[in-house]
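1. I need the structure of the sequence given here:
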Amino acid sequence: MLKLMIVDDEEIIRNALSHMIDYPTIGYELIATAKNGMEAYDILRDEYPDVIITDIRMPILNGLELIERAKNIDPSIDFILLSGYGEFEYAKQAMQFGVRYYLLKPTDKQELIQSLVQLQKERSEKRQLLAEQRHAFLNQVTFPLEKSFVIEALQHEDLSETWQKYHALLNLPETLQTACFCSFVEESFLANFLNDCLQELEQLGLHLQFPAIYVKNTLVLIFPVDTLQTQERLAKCFSAFSYPQQSVEPDIRFLHTSDSKRLFETILYKISRYSRILLLDESQQSHEIRNHLSAPWKIEKLGEALCNTGSDAELTALLTATFSQPSLDLETARSLALSTYLWLHQRENSISLDFACDFFRKIYSCDTIQDIYEQLRVVYVHRHSDTDAASSCKDSSHVALIKSYVDQHLDEENLSLKWLAENYLFVSPRYLSKQFIQEEGERFSDYLNRQRMEKAKQLLEFYHNDNVKDVAKLVGFGNNPRYFGQVFKKYTGLTPSDYLAKG
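-> Here you go, the predicted structure:
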């Protein structure tokens, strides 16, 4: 259901629009109404509506100014613009911001419904496209994630936490219950043997559900087997594969369990005693996993250490030491970055498939280990705070990190909870908004405005400057001193000039 907001300075029109349509029946939830653009802007910085129906001519912040500011912090918001006759110039300006729906007052009910339904359809198509793009991207990084899953799972006796973390990302089937153990497969014949097995599976319409795993002359294949007859056929076929100078006939055994999680638990237990494990990708290229307790990329230990460093310098030094390991290749560095991200967000119960994909894209745009190191350093330094409340992962709060960031970036005009959620903390904006209100007892927009106005008061008092343009820029209002003056008056009851005169 799409979130809808109505903005109009006339109460009678706001009420009429609010009750004109049964919005839930066409897929909308009316989350708020606002009497001017400034009030609407404060609301959207917390609630992030999908669609806004707004008048053009309003006091304090008109409809076009609202659209411009809203698009700067959330380009995905759609607008339906309402105006009277003779205001076509406004419509042309609105089109520059990508607004395509322009309705005349008095608003025709059917015309408004048609616009909302069309927007619903367009957004649904866009969501479908994004879902397809996300699926395609996850397919590209599936093997690194599968490798990270094995590396991390080998660290724990209990698979539950790791399974929960990777299950959705890897789309691991719930009903998978069978694995085939092919013993006495010498490594020199591994590629040929696996290729022959895959061809046989393909003839039966079967496919591997996980990369092939190889340890100490044993190849593990994970795929569904529906009947005992199929299993017997495959066992007979696999054991008959032979190659020049092969000394022993392969021994084929099948493992059956009650569910896929138990299947992986059993497999991981069987391979956990080996220090060298190979994972084979779709092209049958082998990727080595070093399974020993002193490995520098043990995810849990690294994650704990990253979160508990006492300063940015310590954090940077730890990352430098980790990513300068001689044995660390680009592929393993990527797996390390993905795993530490998932470990951290699992700890904070804030894993989102969308935001995980965004982070993965950043990592896979890195062409060198140094680039990955820099990306991780930025993420972790951003999350690191010198305050006691955020000194360790165990006690840290997203809210503490947000407040610290706001204090240092009050001059950023487009600072918003959505940007902080998606680019700084990689969590859901709605989750972050609820957490902020729960811990602070106020909306993020109210907190941000208060911090900006308190800073503005300090600057005015210190410099006693009657040109408020510089102050407006320093507290995040860019080249819009008029809007700054309106917010300042709303907060203090005085215009900046009156405040200076009073002082």
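2. Could you pick out the longest helix of the chain?
-> Longest among the helix segments of the chain by residue count, using DSSP state H, is helix 109-140.
3. and the next element down the chain from that helix?
-> Next in sequence after helix 109-140, counting helices and strands by DSSP states H and E, comes helix 142-153.
4. Any regions of the stretch 51-200 of the chain where pLDDT drops low?
-> 85-88, 138-139, 176 (pLDDT under 70).
5. How far does stretch 146-162 stretch from one end to the other?
-> End-to-end distance of stretch 146-162 (Cα to Cα, to the nearest Å): 11 Å.
6. actually stretch 201-208, not the one I wrote
-> Rule used - Cα to Cα; the end-to-end distance of stretch 201-208 is 8 Å.
7. What of stretch 5-18?
-> Stretch 5-18: ends 9 Å apart by Cα to Cα.
8. Number the chain from 5, please
-> Shifting the count to begin at 5 puts that one at stretch 9-22.
9. Show me which positions of it end up buried.
-> Of the residues in stretch 9-22, 9-13, 17-18, 21 count as buried by neighbour count, 16 or more other Cβ atoms under 10 Å. Where you see a C-beta, it was placed from the backbone N, CA and C, and this is true even at glycine.
10. what's in contact with that stretch?
-> With contact meaning Cβ atoms under 8 Å, 6 or more residues apart in numbering, stretch 9-22 is reached by 34-41, 43-44, 47-48, 51, 53, 55-59, 61-63, 67, 70, 86, 109, 111, 116.
11. now swap in stretch 464-483 and tell me
-> Contacts of stretch 464-483 (Cβ under 8 Å, 6+ apart): 414-417, 419, 456-457, 459-460, 463, 484-485, 487-489, 491, 500-501, 503-504, 507.
12. Which secondary structure element of the chain has the lowest mean pLDDT?
-> helix 303-312 (a mean of 69; mean pLDDT, DSSP states H and E).
13. circling back: in helices only, show me the buried residues of stretch 9-22.
-> 17-18, 21.
14. now these as JSON lines including pLDDT and distance to Q97?
-> As requested, these are exported to JSON lines (pLDDT from 0 to 100; distance: Cβ to Cβ, whole Å):
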{"residue": "I17", "pLDDT": "93", "distance to Q97": "21"}
{"residue": "R18", "pLDDT": "93", "distance to Q97": "23"}
{"residue": "L21", "pLDDT": "95", "distance to Q97": "22"}
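15. just to revisit the earlier point, next, format the buried residues of stretch 9-22 as a markdown table and append distance to E93.
-> A markdown table is the format used below for those (distance: Cβ to Cβ, whole Å):
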| residue | distance to E93 |
| --- | --- |
| M9 | 25 |
| I10 | 24 |
| V11 | 20 |
| D12 | 20 |
| D13 | 20 |
| I17 | 22 |
| R18 | 25 |
| L21 | 24 |
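16. Between those, which sits nearest L232?
-> M9 (60.8 Å; Cβ to Cβ).
17. which one is that closest one nearest to, not counting chain neighbours?
-> Spatial nearest neighbour of M9, excluding adjacent residues (Cβ to Cβ, 6 or more residues apart in numbering): P53 at 4.2 Å.
18. Next, the contact list for the one you found, please.
-> 7-9, 35-36, 47, 81.
19. I'd guess it is in a strand, am I close?
-> No: under DSSP: H, G, I helix; E, B strand; the rest coil, P53 sits outside any strand and is assigned coil.
20. which phi and psi does it have?
-> phi -70, psi 150 (degrees, to the nearest 10).
21. contacts for stretch 250-270?
-> So stretch 250-270 is contacted by 157, 163-164, 167, 176-190, 193, 197, 226, 229, 235, 238-239, 242-243, 245-246, 271 (Cβ under 8 Å, 6+ apart).
22. Give me the buried entries from the residues you listed.
-> 157, 163, 167, 176, 180-186, 189, 193, 197, 226, 229, 235, 238-239, 242, 245, 271.
23. For F193, give its distance to L436.
-> Relative to L436, F193 is positioned 54 Å away (Cβ to Cβ, to the nearest Å).
24. which stretches of the stretch 355-504 of the chain have low pLDDT?
-> Across the stretch 355-504 of the chain (using pLDDT under 70), the flagged ranges come out as 355-359, 382-401, 430, 469-470.
25. And the average pLDDT for stretch 240-253 is what?
-> Regarding stretch 240-253, the rounded mean pLDDT is 88.
26. measure it end to end?
-> 11 Å.
27. any idea how far it is from the chain center?
-> Centroid separation for stretch 240-253 versus its chain: 48 Å, with Cα atoms, centre = their mean, to the nearest Å.
28. Equivalent analysis for stretch 435-448, please.
-> Using Cα atoms, centre = their mean, the offset of stretch 435-448 from its chain centre is 19 Å.
29. Contacts made by that stretch with the rest, please.
-> Contacts for stretch 435-448 (Cβ under 8 Å, 6+ apart): 46, 49-51, 354, 356, 401-403, 406, 421, 424-425, 429, 451.
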